[in-house]
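>>> One predicted model, sequence on top.
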Amino acid sequence: QVTGQLQGKTVLITAGPTQERIDPVRYFTNHSSGKMGYALAEAALSQGANVILVSGPTALQPPHGVHVINVVSAKEMFDATMHHFDTANIVIKSAAVADYRPKETFDHKRKKQSGPWAIEMERTTDILKTMGEAKKQQILVGFAAESENVEQYALQKLHSKNLDLIVANNILQEGAGFKGDTNIITLLDKDGMKKEYPVLSKKEAATCIIADVISYIERQQHL
Ligand code: PMT
C-alpha cells in the first residue's frame, strides 16, 4: 500500500534539455543532464504521487513506477506537457527548454561552404507561460536558471508566468545548476515566502522542493 502526502495526486514533471534540429547531424541544445528533474520525479513518487515525467534526451534511467514520455524538441515537450496538463494537480518545470530554434531546417546534411554560415533563430513557445495563462486548480512550479540578479529575475518569472512557486538557481555558482550532482536553490512563492538552502545533493534538493510544495498547498487550504 502506497502512503504519502501526495497520494491520489498527479504530478507532471519536465526534465532535461531540448534539442533543436538544424539538419540530420546538427542541433542546438544546452547543458541540462536531467538530474534535477529525475530526482524530483523520485521525490514525488516517494510521497505516493502518480508521476508523469516528460523528459528531453538524457543518459538517465527513470525511477521505476514513473510514466515517462520521451521528447526531443521544445515543440514536442510543449505538446506532451499540454496533453497532460488538465489531469495534473502539480506541475514542476525543471527542464531547460530551448528559447530559440532554427527558423529553417534541412532534410539533408548541409554541406560545408566557403565563408560563414548565419542561422536565423525563432522563438519557441514558452510552455510555462502558456500553462500559467490556462491554469485552473493546478499548482505551477517553475525553475529560474540565472547568472545574475537571481532573486529579482526569478520573481519576475514567478509573476509574469502566473506561477505559485519558483525555484531559483544561480548557474554560475560552484555546486549549483547544470550537470553536477548538487544544487543551491532558493524557493520563492507568490505570497512572499522565501527559503534559501545550502548546497545539497539534487536528491536532497528535490525532497526539499516537494516538501515545500506540500506546505504551500496546506497554507492555501487554510486561507
Ligand atoms: O538537468 P540538470 O543538469 O540537473 O540541471 C538542472 C537545471 C539547471 C536545468 C535546473 O535546475 C533548472 O534551472 N531548470 C530550468 C532551466 C531553464 O530553462 O530556466 P529558464 O530560467 O530559462 O526558464 C524558466 C522556466 O520556464 C523554467 O521552468 C523552464 O522550464 C520554463 N520554460 C522556459 C522556456 C520555454 N520555452 N518553456 C518553458 O516552460
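On my side now, so go ahead. Model, not experiment: these values are computed from the prediction.

>>> Contacts only, for the residue nearest to the spatial centre of the chain.
With distances taken as CA atoms, centre = their mean, the residue of the chain nearest its centroid is S94 (1.8 Å). Going by CB atoms under 8 Å, 6 or more residues apart in numbering, S94 touches I13, T14, A15, M36, G37, L40, F143, V167. Every residue, glycine included, has its C-beta placed from N, CA and C.

>>> hmm, try it at 6 Å
By CB atoms under 6 Å, 6 or more residues apart in numbering, S94 lies in contact with A15, M36, G37, L40, F143.

>>> With secondary structure and distance to L53 added, can I get the residues you listed in JSON lines?
Output for these, formatted as JSON lines (DSSP: H, G, I helix; E, B strand; the rest coil; distance: CB to CB, whole Å):
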{"residue": "A15", "secondary structure": "strand", "distance to L53": "6"}
{"residue": "M36", "secondary structure": "helix", "distance to L53": "12"}
{"residue": "G37", "secondary structure": "helix", "distance to L53": "7"}
{"residue": "L40", "secondary structure": "helix", "distance to L53": "9"}
{"residue": "F143", "secondary structure": "strand", "distance to L53": "15"}
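
>>> what's around the closest residue to V25 other than its chain neighbours, how many residues?
Closest residue to V25 in three dimensions, ignoring its sequence neighbours and counting by CB to CB, 6 or more residues apart in numbering: K109, at 5.3 Å. Applying the criterion other CB atoms under 10 Å, we find 11 residues in the vicinity of K109.

>>> what's the answer for the one 10 residues further on, then?
Look at I119: counted by other CB under 10 Å, it has 13 neighbours.

>>> try E20
Using other CB under 10 Å, the number of residues around E20 comes to 24.

>>> so what's it bridging to?
The partner list for E20 in beta bridges (DSSP bridges) reads F28.

>>> what's the spacing between it and the ligand?
Distance, E20 to the ligand, by CB to the nearest ligand atom, to the nearest Å: 11 Å.

>>> what separates that residue from M121, distance-wise?
9 Å (CB to CB, to the nearest Å).

>>> again, but for L158
Applying CB to CB, the value for L158 to M121 is 26 Å.

>>> Comparing these two, which residue is more hemmed in?
In this comparison of L158 against M121, neighbours counted by other CB under 10 Å, the higher total goes to L158 at 22 against 13.

>>> Quick check: which element contains the nearest residue to the more buried one once chain neighbours are set aside?
Nearest non-adjacent residue to L158, counting by CB to CB, 6+ apart: I166, 4.3 Å away. For I166, the host element (DSSP states H and E) is strand 165-170.

>>> Direction included, what does the following helix or strand past that strand pair against?
Scanning forward in sequence from strand 165-170 by DSSP H and E, the next helix or strand is strand 182-183. Sheet pairing of strand 182-183 (DSSP bridges) gives strand 200-201 (antiparallel).

>>> tell me the helices in this protein, going along the chain?
Under the criterion DSSP state H, the chain carries helices at the ranges 35-46, 74-85, 127-134, 150-160, 202-221.

>>> Can you say which of the ones you listed is packed in most?
Most buried of the helices of the chain by mean neighbour count (mean count of other CB atoms under 10 Å) is helix 35-46; its value is a mean of 26.

>>> For the nearest residue to K179 once chain neighbours are set aside, grab the count of nearby residues.
The spatial neighbour of K179 that comes closest, neighbours along the chain excluded (CB to CB, 6+ apart), is S33 at 4.9 Å. For S33, the tally of surrounding residues (other CB under 10 Å) stands at 19.
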